[in-house]
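Asks: coordinates only, sequence not included:
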């Protein structure tokens, strides 16, 4: 292979004049993690809400929840990003639209919102599956004891459901980290975008992408090990663990 | 809100969107699915091998593919495929491959990791007694797999494989990062040329939504019809 390897490239100053290439990659890693964690908050909140709604005894609420999930699951993430970034500011009243467009770090906020809602549909599926995996008697017993429906969810069903769906939630969290790379299309300078920029300026294609790949793997391993520890602590005694599901990325 | 909506821009570009764009998207989806299932099944057999170096190699490949973003892999292969081509053909220089070949290789190799996990689950869902029975009948390993295990595993997993194909169909939109004219790429080019981002992106979202929704409904019906009653 006639390719000029130059691993020393990481310690050269990047075109921004301040940081070395290695530092720019680490800055990108920071943006990747910030985006993923902020989006995860939205995903978990909305996903829990929609997941719960889909198990309630009200048919119209269930249908609304189903529609929510279908909407966010059947449009590619990249298209959803474009809708939030390019289309939404045009559809709202002009003043709000202008404010949105002039927002500093607009691509970061857009990425967080787009990624959060996209993932919330997947989290909703898991939350719903977790609640449905509980014995019907649990909810009925809670109601028979005089708890209201919200109380039954908060004190009886959800605490169990979350512990059961922790493993699939871990893989959703890993997905959200990987999916944050899509935000480079709207200008977010996260890890993949930094690697791409490094490749463009230094022409050291394979060093740049190798570094990004290694960083993603390290994040992946760290999250997996951390979550495995939590999963062990939170596992419901007597359960084998939840069933495997189809994977997304 | 829709007062200055220009529906005409969609009508004018329909043939470009579907004939150029959607053809690319669907061809890529179908070929990458076939390639991904073939390579993924091979990987699954490797992962289940009792010979540790083979199963470790397959596991390493699958875990590597599953820990990095698809976008990064698209960039990787875009630059790597010419070198691989050079290595295979022994050409003096990295050979030039088109956008289509590059993305087909990317999606096949990337999705194979996901298809591998599905096929592995499928193979593991077959009772052990079947393998024992096949061996007792004197079947070799390829015969056991080819005639007994894989057909059943494949049948059990058809709904999951098709669901993964819908995911793949949506993922192909990411070739946008290479400025390829897939369906979204075509929509984006028209949007930028005519300054009609709102109309084109909403239309693109609608088309993806309708196709994915119809396909997933179809999978659900198929699942109900083909489920083996045990």
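Replies: Cool, the structure landed. Just so we're clear, the structure is a prediction, and the values are computed from it rather than from any experiment.
Asks: all contacts plus neighbour counts: C-alpha atoms, from now on.
Replies: OK.
Asks: Quick check: longest helix in chain B by residues?
Replies: In chain B, ranked by residue count with DSSP state H as the criterion, the top helix is helix B:197-226.
Asks: swap in chain A?
Replies: Determined from DSSP H, the single longest helix within chain A is helix A:21-53.
Asks: next SSE after that one?
Replies: helix A:59-73 (DSSP states H and E).
Asks: wait, what's in contact with residue B:81?
Replies: With contact taken as C-alpha atoms under 8 Å, 6 or more residues apart in numbering or on different chains, residue B:81 is in contact with B:97, B:102, B:105.
Asks: Format those residues as TSV; extra columns: neighbour count.
Replies: Conversion of the contacts of residue B:81 to TSV gives the following (neighbours: other C-alpha atoms under 10 Å in any protein chain shown):
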residue	neighbour count
B:97	14
B:102	20
B:105	19
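Asks: Quick check: of those residues, which lies closest to residue B:186?
Replies: Using C-alpha to C-alpha, residue B:102 is the member of these that sits closest to residue B:186, with 18.4 Å.
Asks: Excluding chain neighbours, give the residue nearest to the closest one in space.
Replies: The shortest distance from residue B:102 to any non-neighbouring residue, by C-alpha to C-alpha, 6 or more residues apart in numbering or on different chains, is to residue B:78 (5.8 Å).
Asks: Tell me the confidence at the one you found?
Replies: Among the per-residue scores, residue B:78 shows a pLDDT of 91.
Asks: number of nearby residues for it?
Replies: Applying other C-alpha atoms under 10 Å in any protein chain shown, we find 20 residues neighbouring residue B:78.
Asks: just residue A:29 next, same as before
Replies: Taking other C-alpha under 10 Å as the neighbour definition, residue A:29 ends up with a count of 21.
Asks: How about the one 5 residues further on?
Replies: Applying other C-alpha under 10 Å, we find 17 other residues in the vicinity of residue A:34.
Asks: Quick one: name the residues of chain B near chain A.
Replies: Contact residues (C-alpha under 8 Å from any C-alpha of the partner chain) of chain B with chain A: B:1, B:64, B:67-72, B:75-76, B:79, B:83, B:87, B:114, B:118, B:160, B:163-164, B:167, B:170-171, B:173-174, B:177, B:184, B:197-198, B:201-202, B:204-206, B:208-210, B:212-213.
Asks: what's the spacing between the closest residue to residue A:166 other than its chain neighbours and residue A:3?
Replies: Closest residue in space to residue A:166, ignoring its immediate chain neighbours: residue A:231 at 6.4 Å, by C-alpha to C-alpha, 6+ apart. Applying C-alpha to C-alpha, to the nearest Å, the value for residue A:231 to residue A:3 is 45 Å.
Asks: of those two, who's got more company?
Replies: Between residue A:231 and residue A:3, counted using other C-alpha under 10 Å, the more crowded position is residue A:231 (18 against 10).
Asks: host element of that one?
Replies: Using DSSP H and E, residue A:231 falls within helix A:205-234.
Asks: where exactly do the helices run in chain B?
Replies: Ranges of helices in chain B, per DSSP H, are B:8-15, B:23-47, B:52-67, B:70-89, B:99-124, B:128-136, B:141-143, B:150-171, B:183-194, B:197-226.
Asks: show me where pLDDT drops low in chain B?
Replies: Screening chain B residue by residue with the criterion pLDDT under 70, one finds the ranges B:1-3, B:228-230.
Asks: rerun at 80
Replies: Low-confidence regions of chain B, defined by pLDDT under 80, span residues B:1-7, B:226-230.
Asks: Name the helix or strand of chain A that has the lowest mean pLDDT.
Replies: Across the helices and strands of chain A, the lowest-confidence element by mean pLDDT, DSSP states H and E is helix A:94-102, at a mean of 86.
Asks: wait, residue B:118 sits on residue B:157?
Replies: Yes: Residue B:118 is in contact with residue B:157 according to C-alpha atoms under 8 Å; the separation is 7.1 Å.
Asks: between the two, which one's more packed in?
Replies: Higher neighbour count among residue B:118 and residue B:157: residue B:118, with 27 against 20, using other C-alpha under 10 Å.
Asks: Between the contacts of residue B:81, which sits nearest residue B:125?
Replies: Using C-alpha to C-alpha, residue B:105 is the member of these that sits closest to residue B:125, with 29.8 Å.
Asks: Show me the shaky parts of chain A.
Replies: Residues of chain A meeting the criterion pLDDT under 80: A:1-3, A:17, A:236-249.
Asks: Neighbours of the nearest residue to residue B:134 once chain neighbours are set aside, how many?
Replies: Of all residues not flanking residue B:134 in the chain, residue B:144 sits nearest, at 5.8 Å (C-alpha to C-alpha, 6+ apart). By the measure other C-alpha under 10 Å, the count of residues near residue B:144 is 19.
Asks: Report the angle between the longest helix of chain B and helix A:59-73.
Replies: Computed by axes from the mean of the first three to the mean of the last three C-alpha atoms, to 10 degrees, the angle separating helix B:197-226 from helix A:59-73 equals 110 degrees.
Asks: Could you tell me how far residue A:221 is located from chain B?
Replies: Counting by C-alpha to the nearest C-alpha, to the nearest Å, the gap from residue A:221 to chain B is 9 Å.
Asks: Just after the strand or helix carrying residue A:172, pick out the following helix or strand.
Replies: Using DSSP H and E, residue A:172 maps to helix A:166-179. Beyond helix A:166-179 in the direction of the C-terminus, DSSP H and E gives the next helix or strand as helix A:191-202.
Asks: follow-up on the earlier one: what does the helix holding residue A:172 contact?
Replies: Counting by C-alpha under 8 Å, 6+ apart, helix A:166-179 makes contact with A:32-33, A:35-36, A:39-40, A:115, A:119, A:122-123, A:126, A:216, A:220, A:223-224, A:227, A:231, A:242, A:244-245, A:248-249, B:67-70, all of which sit outside it.
Asks: Please identify the deepest-packed of the helices of chain B.
Replies: When those are scored by mean count of other C-alpha atoms under 10 Å in any protein chain shown, the highest mean neighbour count falls to helix B:99-124 (a mean of 22).
Asks: got the angle for it vs helix B:52-67?
Replies: For helix B:99-124 against helix B:52-67, the angle by the same axes, to 10 degrees is 120 degrees.
Asks: What residues sit buried inside stretch A:139-159?
Replies: Across stretch A:139-159, burial judged by 16 or more other C-alpha atoms under 10 Å in any protein chain shown covers A:139, A:142, A:147, A:152, A:153, A:156, A:157, A:158.
Asks: just checking, what packs against the helix holding residue A:231?
Replies: When contacts are defined as 3 or more C-alpha pairs under 8 Å, 6 or more residues apart in numbering or on different chains; DSSP states H and E, helix A:205-234 packs onto helix A:166-179, helix A:191-202, helix B:52-67, helix B:70-89.
Asks: returning to what we had before: give me the subset of the buried residues of stretch A:139-159 lying in helices.
Replies: Secondary structure assignment (DSSP H) places A:139, A:142, A:158 from the buried residues of stretch A:139-159 within helices.
Asks: Turn those into JSON lines, including distance to residue B:227.
Replies: Formatted as JSON lines, the entries for these read as follows, by distance: C-alpha to C-alpha, whole Å:
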{"residue": "A:139", "distance to residue B:227": "30"}
{"residue": "A:142", "distance to residue B:227": "35"}
{"residue": "A:158", "distance to residue B:227": "31"}
